[in-house]
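Colleague: Any chance you can model this:
(one chain, ligands or ions: 1)
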Amino acid sequence: MTSEQAKKRVEELSAQIHYHNELYYMQHRTEISDFAFDALLQELIQLEQQFPEFKTEDSPTQRVGGTITKEFRQVEHRYPMLSLGNTYSEEEIREFDQRIRKETGLHPQYVCELKFDGVAVSLVYEQGVFKTGVTRGDGVRGDDISANVKTIRTIPLRLKGQNIPDYLEVRGEIFMPIEVFESINKEKESAGEALLANPRNAASGTIKMQDSSVVARRKLECYLYSLLGEDLPVNTHAEALALIASWGFHVSQTWKVCNSIEDIMAFIHHWDKERWNLPLATDGVVIKLNEYALQEQMGFTAKTPRWAIAYKFKAESAATVLESVTYQVGRTGAVTPVANLRPVQLAGTRVKRASLHNANEIERLGLRIGDTVLVEKGGEIIPKVTGVDLSKRPAASQPFVYLQQCPECQTALIRKEGEAVHYCPNEKGCPPQIKGKMVHFIQRKAMNIDGIGEETIELFYNAGLIKSVADLYTLRFEQLTGLERFGERSAQNVLEGLEKSKQIPFEQVLFALGIRFVGNTVAEKLTEAFPRIEQLQSASREQLMAVHEIGERIADSVIEFFRDPENVALVQRLQQSGLQFHRIQKEVIVESEALQGKTFVISGTFVQFGREELKEKIERNGGKILSGVSAKLDYLVAGENMGPSKLEKATKLGVKIISERELLNLMGQS
Ligand code: IVH
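Modeller: Predicted structure coming up:
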């Protein structure tokens with residue numbers, strides 16, 4: 001391909017991908033399959049590698065992330081990022097309106113918006129192209145989080161439409177939609193990892209991550225709510241909101257122009273109830289003067305504008321009686337206490353259960369059975385107990401004693417040092433743990449077995465047909481049809497589903513095994529580094545930790561799993577049943593034999609190639625990728641921000657350290 005052809009194709013591809021992205025993320029429609037879309041993106045990634053000179057700042061390939069930021073650069077805001085005066089009192093909102101009417105001598109218009117509960121961000125665009133995304137910081141200076149911001153698909157990299165000033169800033173709130181929050185927590189739960197506390201923390205934690213490709217997977221969102229710049233083509237805030245929406249930003253369509261304090265109160269009362277139906281957490285209403293000229297007239301105090309105010313919703317709470325505490329045992333043996341409450345109406349729903357998290361939480365609250373407790377609904381869906389009304393404590397109540405034995409198998413519970421959660425250690429004999437492991441095994445992201453669901457597992461287990469997941473693969477037709485209310489058709493489906501699952505790739509099988517802390521992504525990384533189960537099984541702690549993103553917690557958990565002979569036997573049985581325990585190698589297209597017999601470890605991030613592409617390139621030229629630095633290693637390819645421990649080890653062992661460019665030289669492709 002000539003340079004000219006490449007340039008043309010890059011432009012075509014970018015335009016097409018931008019178009020499909022916009023359809024998908026802004027209009028929630030699609031015109032092509034995921035597969036076809038991926039093919040376009042892959043083609044563009046490849047072309048940009050071959051012809052880096054044609055890669056644009058707003059290329060859609062930026063969305064997949066990959067940049068690692070060790071420390072965020074501090075950036076000074078051109079316009080300080082102020083906060084808002086806030087209040088829980090309707091009376092103070094009335095006073096705010098009176099103050100404005102008195103000073104302006106007018107009955108002004110206001111814009112009411114929701115107060116979104118996320119992380120404030122300021123986005124800078126020059127000539128319509130995204131330049132930087134900066135956090136609020138101390139209001140004067142914030143962190144440059146541009147690499148992470150670029151992965152948020154609803155933030156345009158290039159603006160479309162009319163009247164775009166040469167320099168502009170838009171400000172808004174980055175948040176994690178509740179749906180995304182819950183699905184991440186479900187995944188974390190199934191990997192036995194600590195859960196995210198609430199959508200707000202999840203958003204602020206994510207946006208400060210070092211690896212932007214992780215951010216890309218977390219599906220953050222952003223609503224914009226203000227526009228700043230010189231000589232803006234608008235005179236009111238309402239016009240500004242309409243204008244930024246027309247440029248392609250997401251503006252929540254919940255805002256409203258209000259002409260009186262009564263309108264404002266109606267807006268507040270409406271959303272106090274309706275906010276639970278929104279896709280994100282909100283914690284109040286922001287009231288802003290609509291006319292810019294009047295905003296200017298009202299001016300600022302030291303930290304907050306005098307033309308705007310926030311009304312905060314009172315947390316929805318209700319008092320009710322704690323009738324009992326029951327305990328749930330999860331797949332990993334973690335025990336979660338649940339409060340059973342006298343049913344009470346809260347934020348539009350009838351609540352009879354609330355989470356209590358763990359023993360520390362019960363102790364912190366000083367709970368007793370029979371207490372009148374306060375339950376609250378916050379950013380998360382499940383209500384929580386937030387306090388006790390001691391004045392209502394029954395005279396005969398007794399101090400709370402936390403459960404000591406597993407409610408399912410009566411084994412004494414343990415609590416690991418430094419952990420808040422109690423565990424039932426009877427991993428192999430505790431029914432919910434056994435069943436939980438099986439349910440984890442059959443789920444869609446794991447073995448994806450059609451025909452078997454949670455109830456089927458329950459049925460087979462209770463009938464004594466399965467004691468471990470390996471037993472699934474020896475089930476016979478007659479055994480199944482012998483079960484009560486289990487027809488021939490269902491039995492056939494189960495057997496076919498099991499047969500089909502033998503094609504599920506190794507990374508999913510590894511996830512299905514339910515090794516603690518090995519979620520989908522970790523399983524993917526591990527099988528990449530150790531394409532055969534035998535390699536993974538015999539990997540040392542150091543070799544495991546040499547894998548990108550694998551820390552000691554995961555490494556120890558993997559080692560512990562394979563140290564147990566029963567687990568080894570389980571894997572063996574599954575292997576004999578025909579499950580995939582080797583990663584199917586992509587067909588390697590041979591480019592040359594320049595690296596024949598040489599071994600490589602790559603570390604850090606690279607300029608011309610992504611990590612995976614670089615690995616592929618090495619293999620295409622005859623080289624072999626190792627999972628960790630050892631004396632056997634020929635070359636360590638060092639990128640930006642590589643891990644210091646690898647560098648140190650390689651230096652100590654006298655391994656040659658080369659750059660991306662030197663590697664290309666070796667392949668004769670500089
Ligand atoms: S306007 C000068 N509008 O609340 C006023 N802020 O304490 C600039 N927030 O840091 C803010 N939703 O993170 C505004 N619709 C909204 C908002 C909003 C949430 C946050 C923002 C800001 C804080 C103000």
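Colleague: Now do whichever residue of the stretch 251-400 of the chain sits closest to the ligand: how many residues are near it, please.
Modeller: Nearest residue of the stretch 251-400 of the chain to the ligand (C-beta to the nearest ligand atom) works out as residue 286 at 4.1 Å. Any C-beta I mention is one placed from the backbone N, CA and C, and that applies to glycine too. By other C-beta atoms under 10 Å, the residues close to residue 286 number 20.
Colleague: same question, residue 456
Modeller: 22.
Colleague: for the stretch 251-400 of the chain, which spans come out with low pLDDT?
Modeller: 348, 378-381 (pLDDT under 70).
Colleague: ranges for the helices of it?
Modeller: Along the stretch 251-400 of the chain, counting by DSSP state H, counting those that start in this stretch, helices occupy 261-274, 292-298, 359-365.
Colleague: returning to what we had before: hey, what's the residue of the stretch 251-400 of the chain closest to the ligand bridged with?
Modeller: residue 113, residue 310 (DSSP bridges).
Colleague: How about the contacts made by it?
Modeller: The contact partners of residue 286, taken as C-beta atoms under 8 Å, 6 or more residues apart in numbering, are 84, 112-115, 225, 308-311.
Colleague: Please identify which pair of the residues you listed lies farthest apart.
Modeller: 225 and 311 (15.3 Å; C-beta to C-beta).
Colleague: residue in the stretch 51-200 of the chain nearest to the ligand?
Modeller: For the stretch 51-200 of the chain, C-beta to the nearest ligand atom, closest residue to the ligand: residue 120, 3.1 Å.
Colleague: Could you pull up the residues touching residue 335?
Modeller: 327-329, 403, 406, 413, 421-424.
Colleague: one more time with 6 Å, if that's ok
Modeller: The neighbours of residue 335, taking C-beta atoms under 6 Å, 6 or more residues apart in numbering as the test, are 327, 329, 422.
Colleague: can you list the contacts of residue 286 in a markdown table and add neighbour count and distance to the ligand?
Modeller: Output for the contacts of residue 286, formatted as a markdown table (neighbours: other C-beta atoms under 10 Å; distance: C-beta to the nearest ligand atom, whole Å):
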| residue | neighbour count | distance to the ligand |
| --- | --- | --- |
| 84 | 18 | 4 |
| 112 | 22 | 9 |
| 113 | 26 | 4 |
| 114 | 23 | 6 |
| 115 | 20 | 4 |
| 225 | 24 | 4 |
| 308 | 22 | 5 |
| 309 | 25 | 10 |
| 310 | 20 | 6 |
| 311 | 25 | 12 |
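Colleague: In JSON lines: those, plus distance to residue 162.
Modeller: Below are those laid out as JSON lines (distance: C-beta to C-beta, whole Å):
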{"residue": "84", "distance to residue 162": "30"}
{"residue": "112", "distance to residue 162": "27"}
{"residue": "113", "distance to residue 162": "24"}
{"residue": "114", "distance to residue 162": "27"}
{"residue": "115", "distance to residue 162": "30"}
{"residue": "225", "distance to residue 162": "21"}
{"residue": "308", "distance to residue 162": "27"}
{"residue": "309", "distance to residue 162": "32"}
{"residue": "310", "distance to residue 162": "32"}
{"residue": "311", "distance to residue 162": "34"}
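Colleague: Tell me the one among the residues you listed nearest to residue 106.
Modeller: residue 308 (16.5 Å).
Colleague: about what we covered before: the helices of the stretch 251-400 of the chain: which one's closest to residue 193?
Modeller: Using C-beta to C-beta, the helices of the stretch 251-400 of the chain put helix 359-365 closest to residue 193, at 18.5 Å.
Colleague: Any chance you could give me that closest one in PDB, C-alpha atoms only?
Modeller: Taking Å, rounded to 0.1, in the frame of the first residue of the first chain, the C-alpha atoms of helix 359-365 are listed here in PDB:
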ATOM      1  CA  ALA A 359     -19.300  -8.400  62.200                       C
ATOM      2  CA  ASN A 360     -17.300  -5.100  62.500                       C
ATOM      3  CA  GLU A 361     -20.300  -3.300  61.100                       C
ATOM      4  CA  ILE A 362     -22.700  -4.800  63.600                       C
ATOM      5  CA  GLU A 363     -20.300  -4.000  66.400                       C
ATOM      6  CA  ARG A 364     -19.800  -0.400  65.100                       C
ATOM      7  CA  LEU A 365     -23.600   0.100  65.100                       C
END
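Colleague: and it, which residues are buried?
Modeller: 359, 362, 365 (16 or more other C-beta atoms under 10 Å).
Colleague: Return only those of these found close to the ligand.
Modeller: Contacts with the ligand within these, as defined by C-beta under 6 Å from any ligand atom: none are present.
Colleague: Close to the ligand: what parts of this structure are there?
Modeller: Going by C-beta under 6 Å from any ligand atom, the residues of the chain near the ligand are 82-84, 113, 115-116, 120, 136, 173, 225-226, 286, 305, 308, 310.
Colleague: Sweet, I'm off.
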